[in-house]
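1. Coordinates only, no sequence provided:
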């Protein structure tokens, strides 16, 4: 039987851990190494004592057949590779030997923190000792404000407790591993996590000259804006970023009692004619100052390794349940959409790097925000080849819902023989020819596609309008003349019922509410397959809860309850995992991390939400299948951002956007009949295509 080595490090570095594992590890020192082999006793090697590495630990590190398990293994492996001795460095270099209980937990919808995971899985812990452990870590592992370095000689009693504390995490680690499922962390998925580790080790080249220039330009511009703010307010407001002070000034000096200083509120005022020139300029200053991107520029500057590459920007299975990658450090998944044309962004980058931003850019803050993607560059002799899967969620939804007409429409569009899907969706809903769909009607079709796929109604339109900047009143006026009478009648009746029941109408005008609800009805009538899957998922989950241990096949899904878990098996072979499922008041609930409170608790779900989880998870699996293929074909991945791969191959003609796109759209053995398409571009500096 293959031996299992469990380990956990206690380390010190002058670099704060918040700057990222790789920057931290470059100057790290290993203090303690707690370890155990299989179910054997826990030992702690005091690396500061001058004692040689224990023989059994050395043998396990050298044994290529032995696996190495840690919680947040990326940290332990990276520190060992950069700060460990020869045997540690050698073991760290063989990524395929490693296992991570944090990644395994995340892939099943569980929290990543060890303490939280122990709570959820029922692993006993001693709160008092944990509190003492945190105190000891702050003492020995974090730079002290007075410049001292406490150690075993200066604090012998505390050090003994520190050694004892270090060993306890191994017991927790083994107990957690024994309780964790492995459905989504074995075979091809385990290999994918190993690839994820290679990608994070590789990182991407960052334009640090641009980062420094942008930080300097933004700082200078903030000071200029603050100076002008003080002039306009007679020194009452030192900066427009001081929201409450600014609101008070506007009330007292201009007689306006504003509810907040959100962008939408300020935009509405600036669009109106009835404000003074002084207030208009003050609000414009607020808008400019609020566009600051210094946090992301500073994060890149701090997190870069000494070779100018930023590593560790991806979190495997960071998105709960769907297992999509999330961003870390400078959050590449959350880069704002550009508001400037790309040629203007290119000129802005040149101006920033030349130190001439204030001379040639009309809005330095906006330019810096738009230039953020440009931080990602190709290393010398290489280029960035980028490709994005086109409308992958919509394609997965049509495929999972057996929506044959829509699958045909995707295929026709990809072949160049049919219109785009927003026109097709509008035409199908309104029973007209897609060729007759106008530009305004296509926009309505786009809104319908974005908002209604996951059982959304009027509330989804309101959320979508805020997300995508859509004017629902204008959309309603455009759609009203073409709505069929039956849809208007049903929606008007529903609107009256909602008012009688005192249900929210979201502050919408009566006609806007009716139009949004009518569009919902039209879209659902045109998508019987997808609507049917909402009910299928709801019923399949309920049936599985009532029949533990049985496989229940419905459509393209299989449902199964195993102990405290509900699993929905996807065609890819991976699962949607819902811990501690239950039905309460006729509603399906499960235990999970509330996205608003960030606390573990009960979460309600429904057919449309389960379908959203399934579509996003399957879209992730389409991308995940292509990633090792792209690597094998010479496209080293440096980032994945949503449904887009950013690769850094050699700067040679055999590596192209069309070549990478062909690999992404090739599909997997399990995805027969799922129409895939991808498109991209080649560049030396990342941008939004």
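-> Sure thing, it's come through. Just so it is clear, the structure is predicted and the values come from calculations on it, not from any experiment.
2. switch to C-alpha atoms for all contacts and neighbour counts from now on
-> OK.
3. ok, so what distance separates the residue in the chain sticking out farthest from the centre from residue 140?
-> Distance from the centre of the chain peaks at residue 153, with 44.5 Å (CA atoms, centre = their mean). The gap separating residue 153 from residue 140 is 12 Å, by CA to CA, to the nearest Å.
4. you'd agree residue 601 is in a helix?
-> No: using DSSP: H, G, I helix; E, B strand; the rest coil, the secondary structure at residue 601 is strand, not a helix.
5. For stretch 467-474, measure first residue to last.
-> This stretch, stretch 467-474, spans 16 Å end to end (CA to CA).
6. Sort out which residues of that stretch are buried, please.
-> 470, 472-473 (16 or more other CA atoms under 10 Å).
7. Kindly report the same for stretch 215-222.
-> 215-218, 221-222.
8. can you list the domains in this protein?
-> Domain assignment for the chain by automatic domain parsing gives 4-180, 202-373, 378-392+554-689, 404-526.
9. closest one to residue 196 among the ones you listed?
-> Nearest to residue 196 among the domains of the chain is domain 202-373 (6.8 Å), distances taken as CA to CA.
10. Tell me how far that closest one lies from the chain's centre.
-> Relative to the chain's own centre, domain 202-373 is displaced by 21 Å; criterion: CA atoms, centre = their mean, to the nearest Å.
11. again, but for stretch 83-103
-> With CA atoms, centre = their mean as the basis, stretch 83-103 stands 26 Å off its chain's centre.
12. Now do the end-to-end distance for that stretch.
-> For stretch 83-103, the end-to-end distance is 23 Å (CA to CA).
13. quick one: contacts of that stretch?
-> 25-30, 58, 61-62, 64-74, 77-78, 80-82, 112-114, 173, 176-177, 191, 193-194, 197-198, 316-317 (CA atoms under 8 Å, 6 or more residues apart in numbering).
14. do the same with stretch 348-365
-> For stretch 348-365, contacts defined as CA under 8 Å, 6+ apart pick out 209-210, 213-214, 217-218, 221, 288-289, 291-293, 367-368, 371, 374.
15. Break down the stretch 401-550 of the chain into its helices, ranges please.
-> 404-415, 421-430, 439-452, 458-468, 472-479, 485-500, 510-526, 528-546 (DSSP state H, counting those that start in this stretch).
16. now the helix or strand that contains residue 212: mean pLDDT?
-> For residue 212, the host element (DSSP states H and E) is helix 208-232. For helix 208-232, mean pLDDT is 91.
17. Check which helices and strands it sits against.
-> Other helices and strands packing on helix 208-232, by 3 or more CA pairs under 8 Å, 6 or more residues apart in numbering; DSSP states H and E, are helix 277-289, helix 294-303, helix 342-353, helix 357-360, helix 364-370.
18. which of these sits most buried?
-> Highest mean neighbour count among the helices and strands packed on helix 208-232 (mean count of other CA atoms under 10 Å): helix 364-370, with a mean of 26.
19. Nearest residue to residue 484 in space, please, no chain neighbours.
-> Closest residue to residue 484 apart from its sequence neighbours, by CA to CA, 6 or more residues apart in numbering: residue 430 at 7.7 Å.
20. Hmm, the one you found is touching residue 520, no?
-> No: Residue 430 lies out of contact with residue 520 (CA atoms under 8 Å); the separation is 11.7 Å.
21. Looking at those two, which is more packed in?
-> residue 520 (25 against 20; other CA atoms under 10 Å).
22. got a list of what that one touches?
-> 448, 452, 456-458.
23. Can you tell me which of the residues you listed is nearest residue 133?
-> residue 456 (47.1 Å).
24. Count the residues that sit near residue 553.
-> The local packing of residue 553 (other CA under 10 Å) involves 14 other residues.
25. Where does it sit, in terms of helix or strand?
-> strand 552-554.
26. Quick one: residues in contact with that strand.
-> So strand 552-554 is in contact with 536, 540, 543-544, 558-560, going by CA under 8 Å, 6+ apart.
27. from the chain's centre, how far out does that strand sit?
-> For strand 552-554, the separation from the chain centroid amounts to 31 Å (computed by CA atoms, centre = their mean).
28. for stretch 611-629, same thing?
-> 14 Å.
29. buried set for that stretch?
-> 611-628.
30. so which of the helices and strands packed on helix 208-232 gets nearest residue 411?
-> helix 342-353 (30.4 Å).
31. Just give me the residue closest to the centre of the protein.
-> Most central in the chain (CA atoms, centre = their mean) works out to residue 326, at 3.1 Å.
32. which residues touch the closest residue to that residue other than its chain neighbours?
-> Nearest non-adjacent residue to residue 326, counting by CA to CA, 6+ apart: residue 318, 4.7 Å away. By CA under 8 Å, 6+ apart, residue 318 lies in contact with 106, 324-327.
33. Turn the residues you listed into JSON lines, columns for distance to residue 160.
-> Below are the contacts of residue 318 laid out as JSON lines (distance: CA to CA, whole Å):
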{"residue": "106", "distance to residue 160": "33"}
{"residue": "324", "distance to residue 160": "42"}
{"residue": "325", "distance to residue 160": "40"}
{"residue": "326", "distance to residue 160": "39"}
{"residue": "327", "distance to residue 160": "38"}
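34. any idea which of those residues is closest to residue 479?
-> Using CA to CA, the contacts of residue 318 come closest to residue 479 at residue 324, 35.5 Å.
35. So that closest one sits against residue 196, correct?
-> No: the criterion here is CA under 8 Å, and residue 324 misses it with residue 196 at 11.9 Å.
36. intersection of neighbour lists for these two?
-> What both residue 324 and residue 196 touch, as defined by CA under 8 Å, 6+ apart, is the set residue 316.
37. Surely residue 589 is within a helix?
-> No: per three-state DSSP, residue 589 lies outside any helix segment and is strand.
38. So, low pLDDT: which residues of the stretch 301-450 of the chain?
-> By pLDDT under 70, the stretch 301-450 of the chain has no low-scoring segment.
39. How about the stretch 451-600 of the chain?
-> Within the stretch 451-600 of the chain, not a single segment meets pLDDT under 70.
40. neighbours around the closest residue to residue 487 other than its chain neighbours, how many?
-> Leaving aside its chain neighbours, residue 487 sits nearest to residue 518 (5.1 Å; criterion: CA to CA, 6+ apart). As a burial measure, residue 518 scores 27 neighbours (other CA under 10 Å).
41. Residue 518 against residue 493, yeah?
-> No: the pair residue 518 / residue 493 is not scored as a contact, 10.8 Å apart, by CA under 8 Å.
42. would you turn the buried residues of stretch 215-222 into a markdown table with distance to residue 632?
-> A markdown table is the format used below for the buried residues of stretch 215-222 (distance: CA to CA, whole Å):
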| residue | distance to residue 632 |
| --- | --- |
| 215 | 38 |
| 216 | 41 |
| 217 | 42 |
| 218 | 42 |
| 221 | 46 |
| 222 | 47 |
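43. can you count the residues close to residue 40?
-> 9.
44. same thing with residue 415?
-> 10.
45. now it: how far from residue 284?
-> From residue 415 to residue 284 the distance is 47 Å (CA to CA).
46. got it, and residue 68?
-> In terms of CA to CA, residue 68 sits 56 Å off from residue 284.
47. Kindly state the beta-bridge partners for residue 681.
-> Counting by DSSP bridges, residue 681 is bridged to residue 386.
48. what's near enough to touch it?
-> Counting by CA under 8 Å, 6+ apart, residue 681 makes contact with 385-387, 656-657, 689.
49. from those residues, which would you call buried?
-> The buried subset of the contacts of residue 681 (16+ other CA under 10 Å) comprises 385-387, 656-657.
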